[in-house]
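Asker: Curious how this folds, go ahead:
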Amino acid sequence: MSGERIVIRTDKAPAAVGPYEQGIRWQQLVFTAGQIPKDPVTGQLHLGSIKEQTRAVLENLRAVLEAGGSSLAKVLKVTVYLKVENGVVQDVRFDGAGCAISTASASLMTERFKGLSEAEAALLASKKFEEGK
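Answerer: Purely as a prediction, here's the structure:
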């Protein structure tokens, strides 16, 4: 398989911090880096409820997907990291564009994420997706 690796950048999501990009498009796939609930305009973290933080994360991811020619409706895989409170993972669901996150597929955040936010997510989506094929 060959194909050009195309870097995805948008000012509608927080800039990547570190040696990676917001997203990469390769052939018909769009890979996103992990996003936290950071406001792309102010640079401030959204520190509301875990539901509000997760919604902010997914809005950032939506912007990266759209910049790469995809959408939340074309998501193939979601990796979510959630902070644990007293051994209980919060139940978080996203009601937009057919994309849902359940705690069954969530991974627990490691110590290095403590204090930053309660949610982080990364996506793999198709650029071209046709129903029934």
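
Asker: I'd assumed Leu61 was in contact with Ala13.
Answerer: Yes - counting by C-beta atoms under 8 Å, Leu61 is a contact partner of Ala13 at 7.3 Å. Placement of C-beta: from N, CA and C, glycine included.

Asker: got any residues that touch both of the two?
Answerer: Gln35 (C-beta atoms under 8 Å, 6 or more residues apart in numbering).

Asker: Which secondary structure element of the chain has the lowest mean pLDDT?
Answerer: Of the helices and strands making up the chain, the lowest-confidence element is strand 106-108, at a mean of 44, by mean pLDDT, DSSP states H and E.

Asker: pLDDT below threshold where in the chain?
Answerer: Scanning the chain for pLDDT under 70 picks out the ranges 1-2, 82-121, 123, 127-133.

Asker: where along the chain do the helices fall?
Answerer: With helices called from DSSP state H, the chain shows them at 50-67.

Asker: what about Phe31, distance to Ala122?
Answerer: Separation of Phe31 from Ala122 (C-beta to C-beta, to the nearest Å) stands at 8 Å.

Asker: quick one, what contacts Glu4?
Answerer: Trp26.

Asker: can you pull out the strands in this structure?
Answerer: 5-8, 23-26, 29-32, 75-82, 84-85, 88-89, 106-108, 119-126 (DSSP state E).
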